[in-house]
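*Asks:* following is a predicted model, sequence given first.
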Amino acid sequence: MITGIVVATEQKDLVMDAYEESAQAAQERERIKKEEKALKRWVKLMNGLRVRRRLQAEYGQSDNVGLISNCFDGNGLIDS
């Protein structure tokens, strides 16, 4: 399989500049995409914490309700 393109020598610099610009634009789009995903995760986390705080304030915290890490032992089984 052959990959690549044939370009006249006079157009080499123009094609290479366009390629580099395209690659930079693709990297910028990928960075923005990752940043948006990270921000969405933070919003989800903050909303979850807000709900948790509201529920604790409204209902209080009982002995059997808490963080997930408190509900499981090292084997991933619920403590009895």
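*Replies:* Structure received. Residues are numbered from 1 along each chain as shown.
*Asks:* OK, contacts around G60?
*Replies:* By C-beta atoms under 8 Å, 6 or more residues apart in numbering, no residues touch G60. From N, CA and C alone the C-beta is placed, and that goes for glycine too.
*Asks:* next, it: phi, psi?
*Replies:* Here is the backbone geometry of G60 (degrees, to the nearest 10): phi 80, psi 170.
*Asks:* and it, how far from A25?
*Replies:* As for G60, its distance to A25 is 53 Å (criterion: C-beta to C-beta, to the nearest Å).
*Asks:* using the three-state scheme, assign the nearest residue to V15 once chain neighbours are set aside.
*Replies:* For V15, ignoring the flanking residues on the chain, the nearest one in space by C-beta to C-beta, 6 or more residues apart in numbering is V7 at 4.9 Å. For V7, the assignment made with DSSP: H, G, I helix; E, B strand; the rest coil gives coil.
*Asks:* roughly how far apart are V7 and Q61?
*Replies:* Here the criterion is C-beta to C-beta. By it, V7 lies 69 Å from Q61.
*Asks:* where do the helices of the protein begin and end?
*Replies:* Secondary structure of the chain (DSSP state H): helices located at 12-59, 68-71.
*Asks:* closest to M1 out of those?
*Replies:* helix 12-59 (19.9 Å; C-beta to C-beta).
*Asks:* the closest one - what's its average pLDDT?
*Replies:* Mean pLDDT, computed over helix 12-59, is 95.
*Asks:* wait, the residue nearest to V15 touches D13, no?
*Replies:* No. Using C-beta atoms under 8 Å as the test, V7 is too far from D13 to be in contact (9.8 Å).
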